[in-house]
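> I would like the atomic coordinates for the input below:
(one chain, ligands or ions: 1)
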Amino acid sequence: MSGKRFIECPVIVFAVALVLAGCTGPQSSLDPAGREAERIAGLFWWMAGGAVVVWALVVWLAWSAMHGRVSRHTERQARLYVIGGGVLFPTLVLAGLLAYGLGMMPALLEPAPPGSLKISVSGEQWWWRVRYHTADGGEVELANEIRLPVGEPASFELESPDVIHSFWIPSLAGKMDMIPGRRTRLVLHPTRTGTFRGQCAEFCGDSHALMAFPVVVMEKDAFAAWLTAQRAPAATPQADAGPEARRVNRGRDAFLEHGCSACHTVRGTLARGAIGPDLTHVGGRLTLGAGILPNDHPSFVRWIAETDRVKPGVLMPHYRMLPSGEHDALAAYLESLQ
Ligand SMILES: [Cu+2]
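Numbering: from 1, shown residues only. Now for the predicted structure:
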């Protein structure tokens, strides 16, 4: 190996490692955690493999045309090259890959077996309204977070009240449009536990890029306990009158006084608005504002006071004009809604 090659080698290895590192993580269809995503990753690798073989062949042909022995082809040989290499070969390769890709479709469109977990998700501007349908015919509404039991099929019913969104959890499955006036379906089979990230994949307005959600795939028991907790009404304010409890109770009153309750529901209280996300257990969610802020005290304050700056075009008014003590109390109350 010459000196120069010796230096290039680790550089190339490093570059390849850097590129491949982008293939893992919570939002990669090349690091599948679900049966549907596994099929899609397989399709990608076969397509990529096919493309590499064809590319290598073309490079070899070009190279040998430039450097190879110069000889004259007969008319017949030349025609063979054109028909074989220009028509037959691409037709066969593309038909093969197409057949492989189409062969995958029926399994991806299969409905979930009866009795499977059913979840409706509505794409709103710019957040996700999530409804779990329980076995007894009940419904639990939450927002901006989806949890699934591992190894069980989950059937999604997708819709939107106004504009087209696209529901995409790359680690688990392909994307599916959410179209006003229609119901689209998507079935998932998560194969391993973990926290993944979903994202809207169809431009839907100003804050399209700020419309994500965490997806947690859990053990069956933990999932059942979580769903039961989501079903319960909001935690009631503590009876003891310590400073923390007073702050929470002040926030609870402020929530009704400032009209938050016109748009938000907190089950078990007078707040029954339906325009914005259900906040019954907002303090227990992983993120705020559809996957864009961590769920902590400063983020609640920022969301309430700087809503329009955090999320341009947001359909919630900002409450910058409230005294900061009110922001603080509201945040304390929302955090207590575990
Ligand atoms: Cu979008």
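
> next secondary structure after the longest helix belonging to the chain?
The longest helix of the chain (DSSP state H) is helix 35-67. Following helix 35-67 in sequence order, the next helix or strand is helix 75-81 (DSSP states H and E).

> and the angle from whichever helix or strand comes after that next one to helix 35-67?
Per DSSP H and E, the first helix or strand lying C-terminal to helix 75-81 is helix 89-103. Between helix 89-103 and helix 35-67, the angle comes out at 170 degrees (axes from the mean of the first three to the mean of the last three Cα atoms, to 10 degrees).

> what lies in contact with helix 89-103?
The contact list for helix 89-103 (Cβ atoms under 8 Å, 6 or more residues apart in numbering) reads 43, 46, 47, 50, 54. Every residue, glycine included, has its C-beta placed from N, CA and C.

> one step back: tell me which residues in the longest helix of the chain are buried?
Across helix 35-67, burial judged by 16 or more other Cβ atoms under 10 Å covers 35, 36, 37, 38, 39, 40, 41, 43.

> out of the contacts of helix 89-103, which is nearest to residue 64?
residue 54 (15.9 Å; Cβ to Cβ).

> can you give me the distance of the closest residue to that closest one other than its chain neighbours to the ion?
Excluding its sequence neighbours, the residue lying closest to residue 54 (Cβ to Cβ, 6 or more residues apart in numbering) is residue 93, at 6.4 Å. Going from residue 93 to the ion by Cβ to the ion, to the nearest Å gives 36 Å.

> and residue 93, how many neighbours?
Using other Cβ atoms under 10 Å, residue 93 has 15 neighbouring residues.

> for the ion, what's its nearest residue on the stretch 51-200 of the chain.
residue 200 (3.1 Å; Cβ to the ion).

> so who does that residue touch?
Applying Cβ under 8 Å, 6+ apart, we find residue 200 in contact with 123, 126, 165, 166, 167, 168, 208, 211, 212.

> just flag the most distant two among the residues you listed.
Among these, 126 and 168 lie farthest apart (Cβ to Cβ), at 14.5 Å.

> of those two, who's got more company?
Between residue 126 and residue 168, counting by other Cβ under 10 Å, residue 126 is the more crowded of the two (25 against 22).

> is it true that residue 154 touches residue 120?
No. Assessed by Cβ atoms under 8 Å, residue 154 is found out of contact with residue 120, at 11.6 Å.

> compare these two and say which is more crowded by neighbours.
Using other Cβ under 10 Å as the criterion, residue 154 and residue 120 rank with residue 154 on top: 23 against 17.

> that one pairs with what?
With DSSP bridges as the criterion, the beta-bridge partners of residue 154 are residue 117, residue 188.

> before we move on, back to that, adding pLDDT, write the buried residues of helix 35-67 out as CSV.
Output for those, formatted as CSV (pLDDT from 0 to 100):
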residue, pLDDT
35, 93
36, 92
37, 93
38, 93
39, 91
40, 91
41, 93
43, 91
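
> which among those gets closest to residue 195?
residue 37 (15.1 Å).

> now the closest one: how far from residue 193?
Distance of residue 37 to residue 193, given as Cβ to Cβ, to the nearest Å: 15 Å.

> same thing with residue 187?
Distance of residue 187 to residue 193, computed by Cβ to Cβ: 19 Å.

> and if you look at residue 165?
Residue 165 sits 27 Å away from residue 193, going by Cβ to Cβ.

> now do the helices in the stretch 201-338 of the chain.
220-231, 243-257, 297-305, 307-310, 324-336 (DSSP state H, counting those that start in this stretch).

> deepest-packed of those helices, please.
Burial of the helices of the stretch 201-338 of the chain is given as mean neighbour count (mean count of other Cβ atoms under 10 Å); helix 324-336 ranks first at a mean of 20.

> helices and strands around it, which ones?
Secondary-structure packing of helix 324-336 (3 or more Cβ pairs under 8 Å, 6 or more residues apart in numbering; DSSP states H and E): helix 243-257, helix 297-305.

> can you give the contact residues for the shortest one?
Outside helix 297-305, the residues that touch it by Cβ under 8 Å, 6+ apart are 288-289, 293, 310, 318-320, 322, 324, 327-328, 330-332, 334-335.
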